[in-house]
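1. Here is the input, now give the coordinates:
(one chain, ligands or ions: 2)
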Amino acid sequence: MGFEEATPIQEETIPVVLQGQDLIGQAQTGTGKTAAFGIPLVEKVSGEKEQIQAVVLTPTRELAVQVAEELNKIGNVKRITALPIYGGQDITRQIRALKKHPQIIVATPGRFMDHMNRRTIRLQGVEMVVLDEADEMLNMGFVDDIKAILKEMPEERQTLLFSATMPRPIQEIARNFMKDPVTISIKAKELTVPNIVQHYMEVPEKQKFDVLCRLLDIHSPDLAIIFGRTKRRVDELSEALNKRGYGAEGIHGDLNQAKRDSVLRKFKEGTIEVLVATDVAARGLDISGVTHVYNFDIPQDSESYVHRIGRTGRAGKTGLAITLVTPREIDHLRYIEKTTNRKMERRPVPTLAEAIEGQQRLTVEKLMETVGSDGLTMYKSLAEQLLDDVDSVSLVAAALKMLTKEPDTTPVRLTEEAPLRVGKKKFTDQSRGRGPRPGAAKRGGGGGFARAGQGKGRPPVNPRGRRERDTSRDRAWGRDRD
Ligand SMILES: Nc1ncnc2c1ncn2[C@@H]1O[C@H](COP(=O)(O)OP(=O)(O)OP(=O)(O)O)[C@@H](O)[C@H]1O
Ligand SMILES: [Mg+2]
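-> Ligands and ions are numbered 1, 2, ... in the order given. The predicted structure follows:
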């Protein structure tokens, strides 16, 4: 696979996993956790047994596909196959694929339970279970599913948990599912990787979109991901970006799987350079060439921040992450900085002149590239003719103008979001996207992790100063997940 040496998490976990121990593995985003469990998994399963021997659970469908791909690459020489099983895909096709006896299944919990209930998946042979993005999987929205799944697994099994973030209360929950787990945490001063430059800009809600457009004009990112808070936000943002001439598409949990697949494929190929996403794309996705991450809306918690910005700066590459924060959300930003132990650098809002300059620079680069390329001969006599009538500076200026994407002020429609504030009520089961559960509202802070000012909160005030009811807020902000 072209790897020259093991990353620290791989070096430390592979021997422990091979010995058969349960393990909690924590290391920063993009540092090779997939292979850290994938290599020993492939090593331990037998190609001769026609049984599922390992199950990896992931929070999203796209991640299930990606992890299965990586395991198939690792397992190739040993002829070990990993099958992804996830919602939104034809179940009869999955049943047929299951009959071919893959050794490893990579699944999202919902669809995995479907197969369990239909008895189309046999689990007696399972020796290893991995929870990738374990803290997310053991969070309120998923934990009941995980419990139900693990109950069906043989007692005698090895359980592995991996994530870049492992809040202590989640580790406590995890211990209930594990036997004397070893914790391997790659020590780092900060939760985020040092090769991601982190900036923030204070921008009133109404100006955020223009600022975003200017940033895109200045940076001209190869591939960028823009995170929005809600599905509606993502839809509106991608439509607005297209109106202003950017190649953007959105991804979130309300789109059908075919659409989600095609958007992600186009982004990976570079057909679109901007992916607008909810937190559904925050975890685990490894897309090479993502140079910029923009938090159009500040994330709800520091874990979300860590994972979102971790979509860039992977495998030692550099990246830039910019968070837009409204004046009322500054405390929330400070709280994120405190939890990640890393300060974001405050940057002034870019000016229109800087945006124009950025685009002009891009044009000059393109022009100079063309100057150095072949095939100009047939244009030269035309150029000479033009120069008889127009002076050279005017001619080049006209060409530059034509080639430059000048800032566009086409009006766009974005519904305002209420600000996120520190000290607000803790998220409940309901807010985590799985619908109301009995007593959810009362349980407030239970099962989550400590947050600055927790419990002192008031409901947020919407932009017109009206208080919003918690339930509607929770629904609108509810985590987007599979
Ligand atoms: N030993 C290695 N040498 C070089 N590159 C590696 C090595 N191991 C993994 N990689 C590459 O590093 C990239 C990131 O790996 P991976 O997706 O496993 O990170 P991760 O730690 O799981 O990140 P996240 O927390 O975001 O899920 C991948 O493209 C992977 O192929
Ligand atoms: Mg990962």
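
2. Need the pLDDT of the residue most central in space within the chain.
-> Against the mean C-alpha coordinate of the chain, by CA atoms, centre = their mean, the closest residue is residue 282 at 1.9 Å. pLDDT for residue 282: 96.

3. from memory it sits against residue 309, does it?
-> No - here residue 282 lies out of contact with residue 309, judged by CB atoms under 8 Å, at a distance of 9.1 Å. Backbone N, C-alpha and C define where each C-beta goes, glycine included.

4. Relative to residue 136, how far out is the residue nearest to the centre of the chain?
-> Residue 282 sits at a distance of 9 Å from residue 136 (criterion: CB to CB, to the nearest Å).

5. Could you pull out the strands in the protein for me?
-> Secondary structure of the chain (DSSP state E): strands at 23-26, 54-57, 82-85, 104-107, 128-132, 158-163, 182-185, 196-202, 223-227, 248-251, 274-277, 290-295, 319-325, 345-346.

6. mind checking which of the ones you listed is nearest ligand 2?
-> strand 128-132 (5.8 Å; CB to the ion).

7. Against which helices or strands is that closest one packed?
-> helix 33-44, strand 54-57, strand 158-163 (3 or more CB pairs under 8 Å, 6 or more residues apart in numbering; DSSP states H and E).

8. would CSV of the ones you listed with mean pLDDT and distance to ligand 1 be doable?
-> Output for the helices and strands packed on strand 128-132, formatted as CSV (pLDDT from 0 to 100; distance: least, CB to the nearest ligand atom, whole Å):
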stretch, mean pLDDT, distance to ligand 1
helix 33-44, 98, 3
strand 54-57, 98, 12
strand 158-163, 98, 7
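
9. May I see these arranged in JSON lines, with mean neighbour count as well?
-> Putting the helices and strands packed on strand 128-132 into JSON lines (neighbours: other CB atoms under 10 Å) gives the following:
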{"stretch": "helix 33-44", "mean neighbour count": "23"}
{"stretch": "strand 54-57", "mean neighbour count": "26"}
{"stretch": "strand 158-163", "mean neighbour count": "24"}
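
10. Throw those into TSV and include distance to residue 10, thanks.
-> TSV is the format used below for the helices and strands packed on strand 128-132 (distance: least, CB to CB, whole Å):
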stretch	distance to residue 10
helix 33-44	5
strand 54-57	16
strand 158-163	11
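
11. quick one: low-confidence ranges for the stretch 151-300 of the chain?
-> Nowhere does the stretch 151-300 of the chain drop to pLDDT under 70.

12. repeat that for 90
-> By pLDDT under 90, the weakly predicted segments of the stretch 151-300 of the chain are 187-190.

13. for ligand 2, what are the nearby residues on it?
-> By CB under 5 Å from the ion, the residues of the stretch 151-300 of the chain that approach ligand 2 are residue 284.

14. before we move on, what about the stretch 1-150 of the chain?
-> Checking the stretch 1-150 of the chain against ligand 2 by CB under 5 Å from the ion, the hits are residue 33.

15. any weak-confidence spans in the stretch 1-150 of the chain?
-> In the stretch 1-150 of the chain, residues with pLDDT under 90: 140-141.

16. residue of it with the smallest distance to ligand 2?
-> residue 33 (4.6 Å).

17. Any figure for the gap between the nearest residue to that residue once chain neighbours are set aside and residue 58?
-> Among residues not flanking residue 33 along the chain, residue 162 sits closest, at 4.7 Å (CB to CB, 6 or more residues apart in numbering). Computed as CB to CB, the residue 162 to residue 58 distance reads 10 Å.

18. Now list whatever residues contact both of those two.
-> Common contacts of residue 162 and residue 58 (CB atoms under 8 Å, 6 or more residues apart in numbering): 132-133.

19. thinking again about what came up before, which residues sit in contact with the residue nearest to residue 33?
-> Neighbour list for residue 162: 24-26, 33, 36-37, 130-134 [criterion: CB under 8 Å, 6+ apart].

20. 10 Å instead, please
-> Residue 162 is in contact with 9, 13, 23-27, 33-34, 36-37, 56, 130-135, 137, 184, 284, counting by CB atoms under 10 Å, 6 or more residues apart in numbering.

21. Which neighbours do residue 282 and residue 309 have in common?
-> 29, 225, 227, 293, 299.

22. could you dump those residues to TSV with distance to residue 275 and neighbour count?
-> Formatted as TSV, those follow (distance: CB to CB, whole Å; neighbours: other CB atoms under 10 Å):
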residue	distance to residue 275	neighbour count
29	17	25
225	5	26
227	9	30
293	10	26
299	16	22
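
23. between the residues you listed, which is closest to residue 266?
-> residue 225 (13.4 Å; CB to CB).

24. what's across from that closest one in the sheet?
-> Applying DSSP bridges to residue 225 gives these bridge partners: residue 275, residue 293.

25. ok, back up a step: turn the strands of the chain into JSON lines, including distance to residue 395.
-> As requested, the strands of the chain are arranged in JSON lines below (distance: least, CB to CB, whole Å):
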{"stretch": "strand 23-26", "distance to residue 395": "60"}
{"stretch": "strand 54-57", "distance to residue 395": "60"}
{"stretch": "strand 82-85", "distance to residue 395": "56"}
{"stretch": "strand 104-107", "distance to residue 395": "58"}
{"stretch": "strand 128-132", "distance to residue 395": "57"}
{"stretch": "strand 158-163", "distance to residue 395": "58"}
{"stretch": "strand 182-185", "distance to residue 395": "62"}
{"stretch": "strand 196-202", "distance to residue 395": "38"}
{"stretch": "strand 223-227", "distance to residue 395": "34"}
{"stretch": "strand 248-251", "distance to residue 395": "34"}
{"stretch": "strand 274-277", "distance to residue 395": "33"}
{"stretch": "strand 290-295", "distance to residue 395": "34"}
{"stretch": "strand 319-325", "distance to residue 395": "36"}
{"stretch": "strand 345-346", "distance to residue 395": "42"}
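
26. out of the ones you listed, which comes closest to residue 411?
-> Once those are compared by CB to CB, strand 248-251 is nearest, at 17.1 Å.

27. so what strands line up beside that closest one?
-> Paired strands of strand 248-251, defined by DSSP bridges, are strand 274-277 (parallel).

28. ok, now how distant is the closest residue to residue 150 other than its chain neighbours from ligand 1?
-> Distance criterion CB to CB, 6+ apart; nearest residue to residue 150, sequence neighbours excluded, is residue 177 at 5.6 Å. For residue 177, the distance to ligand 1 (CB to the nearest ligand atom, to the nearest Å) stands at 20 Å.

29. doesn't residue 161 make contact with residue 177?
-> Yes - Residue 177 lies in contact with residue 161 (CB atoms under 10 Å); the separation is 8.4 Å.

30. Show me whatever sits in contact with both of these two.
-> 22, 129, 131, 134, 138.

31. Quick one: neighbours of residue 415, just the number.
-> For residue 415, the number of neighbouring residues by other CB atoms under 10 Å comes to 10.

32. Done for today, thanks.
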